[in-house]
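Colleague: After the sequence you'll find the predicted model.
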Amino acid sequence: GGGGGGGSASAAADSAPYPGGSKRRQEADAAARSSVFELQVADTLDGEKQPQLIVKGPLDREQRDSYELSLRVRDGGDPARSSQAILRVLITDVNDNSPRFEKSVYEADLAENSSPGTPILQLRAADLDVGVNGQIEYVFGAATESVRRLLRLDETSGWLSVLHRIDREEVNQLRFTVMARDRGQPPKTDKATVVLNIRDENDNVPTIDIRKIGRIPLRDGVASVAEDVLVDTPIALVQVSDRDQGENGVVTCTVVGDVPFQLKPASEGEGEPQNKRKYFLHTSAPLDYEAVRDYNVVIVAVDSGSPSLSSNNSLLVRVGDTNDNPPVFSQAVLEVSFPENNLPGERVATVVATDADSGKNAEITYSLEASPLSSEAPGGIFSIDPDSGDVLVQAVLDREQRDTYEFQVTARDKGVPSLQGSTTVVVRVADRNDNEPRFMQDVFTFYVKENLQPNSPVGMVTVMDFDKGRNAELSLSIQPGDHDQAAGIFSIENDTGTIFSTVSFDREQQTSYTFRVKAVDGGEPPRSATATVSLFVMDENDNAPTVTFPSNSSYTVLPPSSNMRTVVATVVATDADTGLNADLNYSIIGGNPFKLFEIDSASGVVSLVGKLAPKHYGLHRLVVQVNDSGQPPQSTTALLHVFVNESLSNATVVESQVARSLHTPLAQDIAGDPSYELSKQRLSIVIGVVAGIMTVILLILVVVMARYCRSKSKHGYEAGKKDHEDFFTPQQHDKAKKPKKDKKGKKGKQPLYSSIVTVEASKPNGQRYDSVNEKLSDSPGMGRYRSVNGGPGSPDLARHYKSSSPLPTVQLHPQSPTAGKKHQAVQDLPPANTFVGAGDNISIGSDHCSEYSCQANSKYSKQVRALRAAHPHSSRT
């Protein structure tokens, strides 16, 4: 056979006759048939036939790189003689495939300060071509100069490594493209994006910056603080930062030594960077100028890296002697409710402070400052009248943007030095219905399993309203789509936004649903919004595979001369499900006791993997199971009938066997000829019986010879007289001479041993058969078999039928001497591998028909019975 996928063609022509007058015919036959190659035969000028191999279809080396064709030439003689040769066609490659990266985006992390030569990642691309067309080189594509300076790309292996040390504080991410290019002409390329994130290392110490705050003078590292300042008064702003990232940039700051000062965070906001923090340096105890005039405050900052790094800075605090009574507010915190969408310039509140001093020390001015808990200055949004303390709003407030403002109002007297007091003002913005409901997504996509129970949740939508109170109370409803898909099918729970289905889904009936959800708030006037819901039904493994080919009642004829790996048939099955639930695999679970066949689990192709022997002739029923890959898996069982024989001469018999197999339990194997082993046992019995008979005949001959010799010894010897004919000398008789009649006119009796006959069958045209096997080969249903003489091209019939040579010829002597009135016969021993006749049990071929392997009745055995009927009184040998 040719290589699968190859084509088949043949050509035949008559050439000029040879001198002997014979005519030669040449034929080339490609065994594999396809649409790729065609064999054409052209006539040459000298009368010869020139075969030519023609390419008919497209060639794709990536799909198949070679074809193997079998060419056969046969002459026109009788018998015809032939020979064959193998033609291998190798497909060469062209650059028709581009390289392909394994991934379109490669992402990796790299520690900063990595030493040069450190490997980062390997980019891999594949090219289906071979040779130069499949050799790939890697180069930078769209890459900045810094990328080319810091990184190295091996053009052969695709390894990306460090060329120079990278500082994360200078560049924290590198993004560029890499191209894979083959060496074909013209070259083909592919590109991939590389994202390289630089991982931080703890290589920077924290920095401490001390700045002035409020009215406390601070210059050249010296702060002047009046002795009568209140405890917990901030006297300086300390900013701590670290250029590192993550834990390496988290800084802890503290005051060292026994001093009446402490650090407090300037803001508790979660959005503050971890590597940049602000602290207020507060007084932690009353100051007394008369006791201590100067304090050297040392501030130490330590990061959280491993190992940790630290730094320190100092502030010299000088205590001054000033007025002892600062202004005082009646409330430490003043909370005010103010509606949003206001007009600029409206009054928010009025703050009042008192001072126990008098004169200039009791004259107070008001100002706004940032709250200790917030670093954001109120300027631009709020202002205060410095004399009356009226707080005014200078911008339009939006509660949805910010619902609370907190700032500090400071009251200072006009003493020398001036004293001050402060209060915190908290403005809470009241809501108005100025926002529509807003869904988290414009389109919600849900995936649900089919066969879900009715009234089950299928998804949840999220909707919010930036207003509050009744303005944010929402009512949800289902809005039918354009095709009214959701009418009566879906409902929604108002409190949770959960969508329920009232039916059970069947993906094979409908794969998706689309509808809209509407949300309405409770404000005056109400506002609304809608969102689209797309629901996709996911497949469940609720459909078993369906076998479309072959049918259980069909069968395939397989010649016994088939080579291994011959494709017997292809089982084709489908599955109404999708994905893994429709991923089918095939297996043979029964009917293959000789392991002759195997099936490709993916394609369902059944191939011959064992060598066929005579015992394998007949019907084979393969039980094929098709399983899908779902959970739990579904399966279907199909029957594949294979009839092993040279030809199909009696289809009705095979069809009846197939019909019986359909009613045979699957646990029972149907494979080949079940009577093969039985026939071998019968042959052994026949040989034993024949050997016994021959032994008895030999004993009889010995007894007869002994009696004959004794009789001669009694009568004596007379010279020149011949009493009887030599027992072993054949008598010459005139075949045309008729038997003499006795006195009564009756014919002479024929001797009993003359009943041993030699049977020769004739061909239908009157010619004689050369052998029993030739006779059997012409019988219906016997297929094509070679003769006993071992001619080429035919299987050994003796192996299939146990014995196949003609009957031994028996030479009869009608005038042989008798002993006790018994006729004697001498029979030549039969040669090896021949039939031996034994009475009615003479067997030429087998007319036995087993249940699943039928051999045709031998015409020869019928002729033997006819000859026996013509000689009913003949003796048996």
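Modeller: Sure thing, it's come through.
Colleague: residue boundaries of the strands in the stretch 401-550 of the chain?
Modeller: 404-412, 420-430, 438-439, 443-449, 456-460, 463-464, 474-479, 490-492, 498-501, 512-521, 528-538, 546-549 (DSSP state E, counting those that start in this stretch).
Colleague: can you put those in a markdown table and add distance to residue 190 and mean neighbour count?
Modeller: Bear in mind the C-beta positions are built from the backbone N, C-alpha and C, glycine included. Formatted as a markdown table, those follow (distance: least, Cβ to Cβ, whole Å; neighbours: other Cβ atoms under 10 Å):
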| stretch | distance to residue 190 | mean neighbour count |
| --- | --- | --- |
| strand 404-412 | 55 | 20 |
| strand 420-430 | 56 | 20 |
| strand 438-439 | 40 | 16 |
| strand 443-449 | 32 | 15 |
| strand 456-460 | 39 | 16 |
| strand 463-464 | 44 | 16 |
| strand 474-479 | 47 | 16 |
| strand 490-492 | 46 | 18 |
| strand 498-501 | 44 | 19 |
| strand 512-521 | 35 | 19 |
| strand 528-538 | 33 | 18 |
| strand 546-549 | 40 | 15 |
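Colleague: Turn the ones you listed into JSON lines, including mean pLDDT.
Modeller: Listed next are those as JSON lines, based on pLDDT from 0 to 100:
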{"stretch": "strand 404-412", "mean pLDDT": "91"}
{"stretch": "strand 420-430", "mean pLDDT": "91"}
{"stretch": "strand 438-439", "mean pLDDT": "90"}
{"stretch": "strand 443-449", "mean pLDDT": "91"}
{"stretch": "strand 456-460", "mean pLDDT": "90"}
{"stretch": "strand 463-464", "mean pLDDT": "90"}
{"stretch": "strand 474-479", "mean pLDDT": "88"}
{"stretch": "strand 490-492", "mean pLDDT": "87"}
{"stretch": "strand 498-501", "mean pLDDT": "90"}
{"stretch": "strand 512-521", "mean pLDDT": "89"}
{"stretch": "strand 528-538", "mean pLDDT": "89"}
{"stretch": "strand 546-549", "mean pLDDT": "90"}
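Colleague: Would you tell me which of these gets closest to residue 54?
Modeller: strand 546-549 (32.2 Å; Cβ to Cβ).
Colleague: Give the pairing partners of the closest one; include direction for each.
Modeller: strand 572-574 (antiparallel) (DSSP bridges).
Colleague: Which of the residues in the partner strand are classified as buried?
Modeller: Across strand 572-574, burial judged by 16 or more other Cβ atoms under 10 Å covers 572-573.
Colleague: now that strand: how far from the chain's centre is it?
Modeller: 18 Å (Cα atoms, centre = their mean, to the nearest Å).
Colleague: coming back round to it: for the strands of the stretch 401-550 of the chain, which one sits closest to residue 588?
Modeller: strand 546-549 (13.7 Å).
Colleague: what does the next helix or strand after that closest one contact?
Modeller: Once strand 546-549 ends, the next helix or strand along the chain (criterion: DSSP states H and E) is strand 555-558. With Cβ atoms under 8 Å, 6 or more residues apart in numbering as the test, strand 555-558 has contacts from 550, 566, 568-569, 608, 612, 619, 640-645, 647-648, 654-655, 658.
Colleague: now stretch 246-261
Modeller: Residues contacting stretch 246-261 (Cβ under 8 Å, 6+ apart): 200-202, 204, 206, 208, 235, 238, 240-243, 262-263, 273-275, 277, 279, 281-287, 295-306, 312, 317.
Colleague: switch to 7 Å and redo it
Modeller: 200, 202, 206, 238, 240, 242, 262-263, 274-275, 277, 279, 281-285, 287, 295, 297-305, 317 (Cβ atoms under 7 Å, 6 or more residues apart in numbering).
Colleague: and what of stretch 275-287?
Modeller: Contacts of stretch 275-287 (Cβ under 7 Å, 6+ apart): 213, 225, 227, 229, 231-242, 244-245, 249-251, 253, 260-267, 297, 315, 319, 372, 375.
Colleague: about what we covered before: tell me which of the strands of the stretch 401-550 of the chain sits nearest to residue 397.
Modeller: Of all the strands of the stretch 401-550 of the chain, strand 420-430 comes closest under Cβ to Cβ, at 5.0 Å.
Colleague: Give me the sheet partners of the closest one and which way each runs.
Modeller: Strand 420-430 has these strand partners (DSSP bridges): strand 333-339 (parallel), strand 404-412 (antiparallel).
Colleague: gap between the longest helix along the chain and the chain center?
Modeller: Assignment by DSSP state H gives helix 676-715 as the longest helix of the chain. Relative to its chain's centre, helix 676-715 lies at 73 Å (Cα atoms, centre = their mean).
Colleague: The strands paired with strand 420-430 into JSON lines, with extra columns for distance to residue 577?
Modeller: Formatted as JSON lines, the strands paired with strand 420-430 follow (distance: least, Cβ to Cβ, whole Å):
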{"stretch": "strand 333-339", "distance to residue 577": "61"}
{"stretch": "strand 404-412", "distance to residue 577": "57"}
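Colleague: Residue 261 and residue 345: what is the separation?
Modeller: Per Cβ to Cβ, to the nearest Å, residue 261 is found 41 Å from residue 345.
Colleague: Cool, thanks, talk later.
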